[in-house]
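Asker: this is a predicted model, with the sequence first.
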Amino acid sequence: MEIKADRERCVGAGMCVLTAPEVFDQSEDDGRVVLLTEHPEPDQVDTVQQAVELCPAQALLLAGKHRAADG
Amino acid sequence: MSVASSPAQRSAEADRLPTNRPAGCPFDPPPELSRFRAEEPVRRLTYPDGHRGWLVSNHELSRTVLADTRFSSRMELRRTAVPRPGLTPLLGRPAAPGMFIAMDPPEHTRYRRLLTGQFTVRRMRLLEPRIEQIAEQHLDAMVQAGPPADLVAAYALPIPSLVICELLGVPYADRDVFQRDTATLLRLDATAEQVRAASESVGAFMADLVRHKRAEPADDLLSGLIATGELTDEELAGVSFLLLVAGHETTANMLALGAFALINHRDQGHADQLAALCGDPTAAEHAVEELLRYLTIIQFGTTRTALVDIHLGDQLIRAGETLTLALPSANRDPDKFADPDTLDLTRSAQGHLAFGHGVHQCLGQQLARIEMRIGYRALFRRFPELRLAVPAEEVPLRHDMNIYGVHRLPVTW
């Protein structure tokens, strides 16, 4: 699973940092999203998914969320 | 009137925004909105200027509109859903410099990017000790003066006012000026002349402050903004004014109305939920989100105007038509929140629209969350038996203001 963050879309609301602080941070300069990891651990998937949904600017994308049939 | 109204006029009259809350239910939105949300979540709305636009009352479609910048926030296209005579001269004109709440990208983006670094989750958390100190000092003063007290004047208004003043670099000693002018600007029945006078007064106050900070920079947000060299003095005054108003009125009303709701909730058999709020910081975070959802003090919602023809739900919105998003109704949508008319401090109210959504989502929301968490906890830890000093029906409600809440909250302990 991989997270992509579009810093051009980001409006620095901080919802991702509030929701999944182990995965997202904000730049000290302009408050825009900084990824602490592009590949969250399996136990972080739920909160990352919440952060993606809560992002007011649709700046986050979670790719490869659905694993193969073995999942 | 001897002239009979035509069916079209009658239907236009029936399509005004409902604003009457049910009697004895100060926390509930007008009941008509529940029916609209269930039967016709995108329905016609007649605006005070005669415009035939739309009212959006469910969660999903309100969120859709807020997320889509083809629904414009520009001041030139703005309308008010409730009569506000004082705003008439301002509508239909470009936003004043710095008023980026009423601009679209890319103008909006330019201002917002200069500010978002100042309002990050981390920076706001650094303010926690100071906010706790301010809250405790005001509680000490209440104890010293003895009961009863007006919680608005003694606690709910001073905390966020002091915090935003310190953050921006506005002298708190001058609060009478900006609190009075702000109150005028938010009053629905303010006349054009009153709004003009209040805008000029607060504009002059801000212009003075910018000049002063230019001459004597300090460790505050306004001095920092000046140092970027990106904004003119006029823009700086506009931005500061916007942050000052947004930073104290909203949180002040959430603190006071929230305290009213919490007293009520405790006395209706939920003392355990209030105890959890006081004890457990995570429970307090949930409680804050739930109060934001349940109370949604942006009581008449927010508006957008379509820049192009767009389908929304079953309707075709034409370019130029204005939509009002009934946020209090969206936040009581049973398709989003189970048992939505029940205040439940233990639920996850995640996804509520009290701070809006989209590129304009509240810049200061992380500060507001902290102020509320600290504010409610400190209050009910100090006064677990806090109660109203008047019958509940005598609490003066802010039906007459753009932001809902209570004018005063007489309390005793």
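Answerer: Looks like it arrived, so ask away.

Asker: how about residues contacting the worst-scoring helix or strand of chain A on mean pLDDT?
Answerer: Taking mean pLDDT, DSSP states H and E as the measure, strand A:60-63 is the helix or strand of chain A with the lowest mean score, a mean of 93. Among residues not part of strand A:60-63, those counted as contacts by Cβ atoms under 8 Å, 6 or more residues apart in numbering or on different chains are A:M1, A:E2, A:I3, A:K4, A:A5, A:D6, A:C16, A:V33, A:V48, A:Q49, A:A51, A:V52. In short, each C-beta sits where N, CA and C put it, glycine included.

Asker: what's the separation between the closest residue to the fourth one other than its chain neighbours and A:R32?
Answerer: Beyond its immediate neighbours in the sequence, the residue positioned closest to A:K4 (Cβ to Cβ, 6 or more residues apart in numbering or on different chains) is A:L61, lying 4.4 Å away. The spacing between A:L61 and A:R32, counted by Cβ to Cβ, to the nearest Å, is 15 Å.

Asker: looking at the two, which is more packed in?
Answerer: Comparing A:L61 with A:R32 by neighbour count (other Cβ atoms under 10 Å in any protein chain shown), the higher total belongs to A:R32, at 21 against 13.

Asker: not counting its neighbours along the chain, what's nearest the more buried one?
Answerer: Ranked by Cβ to Cβ, 6+ apart and with sequence neighbours excluded, the top spatial neighbour of A:R32 is A:C10, at 4.4 Å.

Asker: which residue packs closest to B:H138, ignoring adjacent ones?
Answerer: Of all residues beyond its chain neighbours, the one nearest B:H138 is B:Y155 (5.1 Å), with distances taken as Cβ to Cβ, 6+ apart.

Asker: pretty sure that neighbour is touching B:E136, no?
Answerer: No - look at B:Y155 against B:E136 with Cβ atoms under 8 Å: they stay out of range, at 10.9 Å.

Asker: ok, residue 54 - contacts?
Answerer: No chain was given, so I picked chain A. Residues in contact with A:L54, defined by Cβ under 8 Å, 6+ apart, are A:M15, A:C16, A:T19, B:Q350, B:G351.

Asker: you answered for a different chain; I wanted chain B.
Answerer: When the contact criterion is Cβ under 8 Å, 6+ apart, the partners of B:W54 are B:V42, B:R43, B:R44, B:L45, B:L312, B:Q315, B:I317, B:E321, B:T322, B:L323, B:T324.

Asker: just the ones of the residues you listed in strands?
Answerer: B:V42, B:R43, B:R44, B:L45, B:L312, B:Q315, B:I317, B:T322, B:L323, B:T324 (DSSP state E).

Asker: now name the helix or strand holding residue 13.
Answerer: I'll assume chain A. If you go by DSSP states H and E, A:A13 is not part of any helix or strand.

Asker: oops, chain B please
Answerer: Following DSSP H and E, one finds B:E13 within helix B:7-14.

Asker: that helix - what's its average pLDDT?
Answerer: Helix B:7-14 carries an average pLDDT of 70.

Asker: next secondary structure after that helix?
Answerer: Later in the chain than helix B:7-14, the nearest helix or strand by DSSP H and E is helix B:32-39.

Asker: what helices or strands is that following helix leaning on?
Answerer: Packed against helix B:32-39 by the contact rule (3 or more Cβ pairs under 8 Å, 6 or more residues apart in numbering or on different chains; DSSP states H and E) you find helix B:327-330.

Asker: so how far is the helix it packs on from its chain's centroid?
Answerer: Per Cα atoms, centre = their mean, to the nearest Å, the displacement of helix B:327-330 from the mean C-alpha position of its chain is 13 Å.

Asker: is it anywhere near chain A?
Answerer: No - where contact is defined by Cβ under 8 Å from any Cβ of the partner chain, no part of helix B:327-330 touches chain A; the two come within 13.9 Å at best.

Asker: residues in contact with that helix?
Answerer: B:29, B:33-34, B:36-37, B:56-59, B:62-63, B:296, B:298-299, B:301-302, B:336, B:353-354, B:356.

Asker: in the stretch 51-200 of chain B, what residue is nearest chain A?
Answerer: Among residues of the stretch 51-200 of chain B, the one nearest chain A by Cβ to the nearest Cβ turns out to be B:T116. It sits 2.8 Å away.

Asker: is it true that that residue touches A:R32?
Answerer: Yes - the pair B:T116 and A:R32 qualifies as a contact (Cβ under 8 Å) at a distance of 6.7 Å.

Asker: intersection of neighbour lists for the two?
Answerer: Between them, B:T116 and A:R32 share the contacting residues A:G12, A:Q26, judged by Cβ under 8 Å, 6+ apart.

Asker: any buried residues in the least confident helix or strand of chain A, and which?
Answerer: Of all the residues in strand A:60-63, those buried under the rule 16 or more other Cβ atoms under 10 Å in any protein chain shown are A:L60, A:L62.

Asker: so what strands line up beside it?
Answerer: For strand A:60-63, the paired strands and their directions (DSSP bridges) are strand A:2-5 (antiparallel).

Asker: which neighbouring elements make contact with the helix or strand that comes right after the partner strand?
Answerer: On the C-terminal side of strand A:2-5, the nearest following helix or strand under DSSP H and E is helix A:15-19. Here helix A:15-19 touches strand A:24-26, helix A:45-54, helix B:121-126, going by 3+ Cβ pairs under 8 Å, 6+ apart.

Asker: dump these into JSON lines; add mean pLDDT as well.
Answerer: As requested, the helices and strands packed on helix A:15-19 are arranged in JSON lines below (pLDDT from 0 to 100):
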{"stretch": "strand A:24-26", "mean pLDDT": "97"}
{"stretch": "helix A:45-54", "mean pLDDT": "96"}
{"stretch": "helix B:121-126", "mean pLDDT": "96"}
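
Asker: give me whichever of these is most buried.
Answerer: Using mean count of other Cβ atoms under 10 Å in any protein chain shown, the stretch among the helices and strands packed on helix A:15-19 with the largest mean neighbour count is strand A:24-26, at a mean of 22.

Asker: ok, and what's touching it?
Answerer: Under the contact criterion Cβ under 8 Å, 6+ apart, strand A:24-26 has outside partners A:5, A:12, A:14, A:16-17, A:32-36, A:51, B:116-117, B:120-122.

Asker: can you give the contact residues for the helix or strand following that strand?
Answerer: Scanning forward in sequence from strand A:24-26, with DSSP H and E defining helices and strands, the next element found is strand A:33-35. Contact with strand A:33-35 is made by A:3, A:5, A:7, A:10, A:12, A:16-17, A:23-27, A:59-60, as judged by Cβ under 8 Å, 6+ apart.

Asker: quick one, which of the residues you listed are buried?
Answerer: Buried positions within the contacts of strand A:33-35, assessed by neighbour count (16+ other Cβ under 10 Å), are A:I3, A:A5, A:C10, A:G12, A:C16, A:V17, A:V23, A:F24, A:D25, A:Q26, A:A59, A:L60.

Asker: out of the residues you listed, who's nearest chain B?
Answerer: Chain B has its nearest neighbour among the buried ones among the contacts of strand A:33-35 in A:G12, at 2.8 Å by Cβ to the nearest Cβ.

Asker: how near is that closest one to B:S240?
Answerer: Per Cβ to Cβ, A:G12 is found 19 Å from B:S240.
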